[in-house]
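Colleague: attaching a predicted model along with its sequence, questions to come.
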Amino acid sequence: MGKTIGTIKDNDFRRMVLESDKPAVVDFWAQWCVPCKQLDTVLQEMALEYEGKVSFFKVDVNESNMTASRYAVRSLPMLLFFEGGEIVDQAVGSLSREVLVDKLNRLLESS
């Protein structure tokens with residue numbers, strides 16, 4: 001099994017997310033964030049289910065504070081859904097699998 005969720009930093013963000021030809025989900029998180037760790041299990045499952053259709057990335061806000069500031073990340077976890085380099089949806093806090101599936105399906109319908 002390959003690495004399903006890529007970890008990216010400030011200098012990779014444009015190339016990996018904004019210039020991607022696939023929709024992307026970016027998880028802004030931190031090591032100390034308990035809800036982030038809970039959400040991680042759901043994101044890993046979704047990354048496997050949507051492999052090849054949607055790219056999944058994690059951005060550690062402590063390591064990539066330029067990107068976190070650019071997108072006004074104030075609460076964790078925060079998910080941003082990108083299509084064509086633009087934010088098309090977002091979610092803050094821990095999400096259920098059902099809510100995430102619904103958001104991913106809407107993301108794919110718009111792409």
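Modeller: Yep, that arrived. Numbers count the residues shown, from 1 in each chain.
Colleague: tell me the secondary structure for D21?
Modeller: coil (DSSP: H, G, I helix; E, B strand; the rest coil).
Colleague: mind showing which ranges of this protein have poor pLDDT?
Modeller: By pLDDT under 70, the weakly predicted segments of the chain are 1-3.
Colleague: secondary structure class for the most centrally placed residue in it?
Modeller: For the chain, the residue nearest the mean C-alpha position is V26 (1.9 Å; C-alpha atoms, centre = their mean). Under three-state DSSP, V26 falls in the strand class.
Colleague: which ones are touching it?
Modeller: By C-beta atoms under 8 Å, 6 or more residues apart in numbering, the contact list for V26 reads I8, V17, F57, K58, V59, L79, L80, F82. For glycine as for every other residue, the C-beta is placed from the backbone atoms N, C-alpha and C.
Colleague: so what's it bridging to?
Modeller: For V26, the residues forming beta bridges with it (DSSP bridges) are F57, L80.
Colleague: ok, it to L80 distance?
Modeller: Look at V26 and L80: by C-beta to C-beta, to the nearest Å, they are 5 Å apart.
Colleague: what of L39?
Modeller: For L39 relative to L80 (C-beta to C-beta), the value is 13 Å.
Colleague: likewise for Q31?
Modeller: 20 Å.
Colleague: compare these two (neighbour count), which wins?
Modeller: Comparing Q31 with L80 by other C-beta atoms under 10 Å, the one with more neighbours is L80, at 20 against 10.
Colleague: strands of this protein, start to end?
Modeller: 5-7, 24-29, 55-60, 78-83, 86-92 (DSSP state E).
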